[in-house]
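all I have is the shape, not the residue letters:
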């Protein structure tokens, strides 16, 4: 049995490529271009090897999802191993075909997705199923070695004398009517791809949208009111231990099945999130302070826009008040779609006008912190961490929390929270905190517990001495009011316990969670 010749493709620093700009439109276009490298551009490169049409190769790229055999098929010019998670594994009948493909593919990317860095590993690959796992591991080792040893030039050189593109620093080459300026070819490609991305997204979810609601390419149209100091939420979600699950696959069939399962879980989860946004559109818009006469409401614009939907790696942006809510819904749907999967989320809530890339980095830090705490607690649950910035963002997440969220009695933060379907409710459950946040402001009968002025006072008292806290609690008792209780703890009497308090998180949730959803959660017993 002759060996195939494997080609493993990878994209490096995807986030750096996608989020080079502070313009949402350009970020969306860049994300669409990344998706295209394993779709249209991959099909075009294969055409040069097989001689088939682009349409035929596009259909061929989907063949791995329905393949039944565990063995590679090297009787044809190329066999698709799998595509997903930023990787593609292809098997060629001969080494010269593999090298010809790599040459064509990288040339196409240099033209259509310049500055995107890719890496390639090639090697003879045995066809026997029992040798698959060991051979693939060696191929990934080779890929990492190639990344470390070679940094390819992925952008065309500048002209000798030229104006500089204000977006990218490259040569200005083409005029865009959208922003009425000359930009580089790379920026122009991103801008044009944003419209293609929006059209593809609306076609993908047309049954859910029902020609009634639409996605936007502009941050200012995500739900914020033009006359107010609005906030957006950048949500980054990453699956837990997905890489370890892939390492445990022994055969090509197992790897294909897992790739398909994770991809479908992500797609179904986001589709479910869009469906909720559509079904509850009126309640959502009203919770953001919009009336049916407002411009965004009348234009039927959804207050959410996906940026990255790749494997178990998800980034989307929405109105600031919806970030925690939408992240919770997505993770619950993700777990429901794949019973073996959990995920962690980071929700960065920042001012709409604040540099977008900084918000993306913060969301990534928050997600990483949620994963760290999950491991420290040896938990199997999904976790969510969030940060609300009412001003700027200075320093790393640990630095900000050490500087701004430490009070004389301990930490103001209880987060990150457990979330999802697998973990029973406890003091770290987001579901529990939603209930307690509602109880902070309302009694079980819906009457006011703490009015806004008292909640504001509590926020200040938490930063003061123990005596000030005791005085505040006693005053509440005198007025017949009390703080929400967490079973097994005495926070309602002491505010702090074990050097932490839950009430600051409750206050922030109150301010940045949609009213109708908080009311629904608060009614659960």
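In hand now; what should we look at? These numbers come from a predicted model, not from an experiment.

how close does residue 70 sit to residue 346?
38 Å (C-beta to C-beta, to the nearest Å). C-beta: built from backbone N, CA, C; applies to glycine.

I'd like the next helix or strand past whatever helix or strand residue 200 lives in.
Here residue 200 is covered by helix 185-204, with elements defined by DSSP states H and E. Next along the chain after helix 185-204, taking DSSP H and E as the criterion, comes helix 206-209.

how about the residue nearest to residue 374 when sequence neighbours are not counted, phi and psi?
Among residues not flanking residue 374 along the chain, residue 383 sits closest, at 4.7 Å (C-beta to C-beta, 6 or more residues apart in numbering). Backbone torsions for residue 383, taken as degrees, to the nearest 10, come to phi -130, psi 150.

counting neighbours, what do you get for residue 383?
Other residues lying near residue 383 total 30 when counted by other C-beta atoms under 10 Å.

in the protein, which helix has the most residues?
For the chain, the helix with the greatest residue count under DSSP state H is helix 252-279.

how far off centre is the following helix or strand past that one?
If you walk from helix 252-279 toward the C-terminus, the next helix or strand you reach (DSSP H and E) is helix 281-287. How far helix 281-287 lies from its chain's middle: 23 Å, per C-alpha atoms, centre = their mean, to the nearest Å.

list the helices and strands helix 281-287 packs on?
Applying 3 or more C-beta pairs under 8 Å, 6 or more residues apart in numbering; DSSP states H and E, one finds that helix 281-287 contacts helix 515-522.

the inter-axis angle of the helix it packs on versus helix 252-279?
The directions of helix 515-522 and helix 252-279 differ by 110 degrees, with axes from the mean of the first three to the mean of the last three C-alpha atoms, to 10 degrees as the criterion.

now helix 515-522: mean pLDDT?
Rounded to a whole number, the mean pLDDT of helix 515-522 is 90.

buried ones in that helix?
Applying a neighbour-count criterion of 16 or more other C-beta atoms under 10 Å, the buried positions in helix 515-522 are 517-518, 521-522.

tell me the one of those residues nearest residue 301?
Set against residue 301, the nearest of the buried residues of helix 515-522 by C-beta to C-beta is residue 517 (19.7 Å).

once you drop chain neighbours, what's closest to that closest one?
Nearest to residue 517 is residue 325, by C-beta to C-beta, 6+ apart, at 5.3 Å.

if we can go back for a sec, who's more crowded, residue 70 and residue 346?
Each of residue 70 and residue 346 has its neighbours counted (other C-beta under 10 Å); residue 346 has more, 30 against 15.

hmm, residue 397 and the more buried one touching each other?
No. Residue 346 is not in contact with residue 397 according to C-beta atoms under 8 Å; the separation is 9.1 Å.

what about the closest residue to residue 436 other than its chain neighbours, neighbour count?
Nearest in space to residue 436, with sequence neighbours left out and distances taken as C-beta to C-beta, 6+ apart, is residue 484 at 4.0 Å. Per other C-beta under 10 Å, the neighbour tally for residue 484 reads 21.

same question for stretch 320-336: list its buried residues.
Taking 16+ other C-beta under 10 Å as the neighbour-count basis, stretch 320-336 is seen to contain the buried residues 320-335.

swap that for stretch 488-497, sorry
Those would be 491-492, 495-497, for stretch 488-497 by 16+ other C-beta under 10 Å.

and of those, the nearest to residue 28?
After measuring these against residue 28 - C-beta to C-beta - the closest member comes out as residue 491, at 42.9 Å.

quick one, phi/psi of that closest one?
Recorded main-chain torsions at residue 491 are phi -60, psi -40, according to degrees, to the nearest 10.

from what I can see it touches residue 498, true?
No. Using C-beta under 8 Å, residue 491 and residue 498 do not qualify as a contacting pair, with a distance of 9.8 Å.

re the thing from before, and the longest helix of the chain, how far from the chain's centre?
On the basis of C-alpha atoms, centre = their mean, helix 252-279 sits 14 Å off its chain's mean C-alpha point.

which other residues reach stretch 439-452?
Where contact means C-beta atoms under 8 Å, 6 or more residues apart in numbering, the residues beyond stretch 439-452 that reach it are 455, 458, 476, 481-484, 503, 506-507, 510, 522.

would you show me how to pick out the buried ones of those residues in PyMOL?
In PyMOL syntax, the buried subset of the contacts of stretch 439-452 is picked out as below (16+ other C-beta under 10 Å):
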select buried, resi 455+458+476+483+484+503+506+507+510+522
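
quick one: which two of the contacts of stretch 439-452 are the most distant?
Considering C-beta to C-beta, no two members of these lie farther apart than 476 and 522, which are separated by 18.9 Å.

hmm, back to that, what's the farthest-apart pair in the buried residues of stretch 488-497?
The most distant members of the buried residues of stretch 488-497, if one measures by C-beta to C-beta, are 492 and 496, lying 11.5 Å apart.

okay, and the common contacts of residue 346 and residue 397?
Between them, residue 346 and residue 397 share these contacting residues under C-beta under 8 Å, 6+ apart: 362, 365-366, 369.

between those residues, which is closest to residue 177?
Proximity of the shared contacts of residue 346 and residue 397 to residue 177, judged by C-beta to C-beta, is greatest for residue 362, which lies at 33.4 Å.
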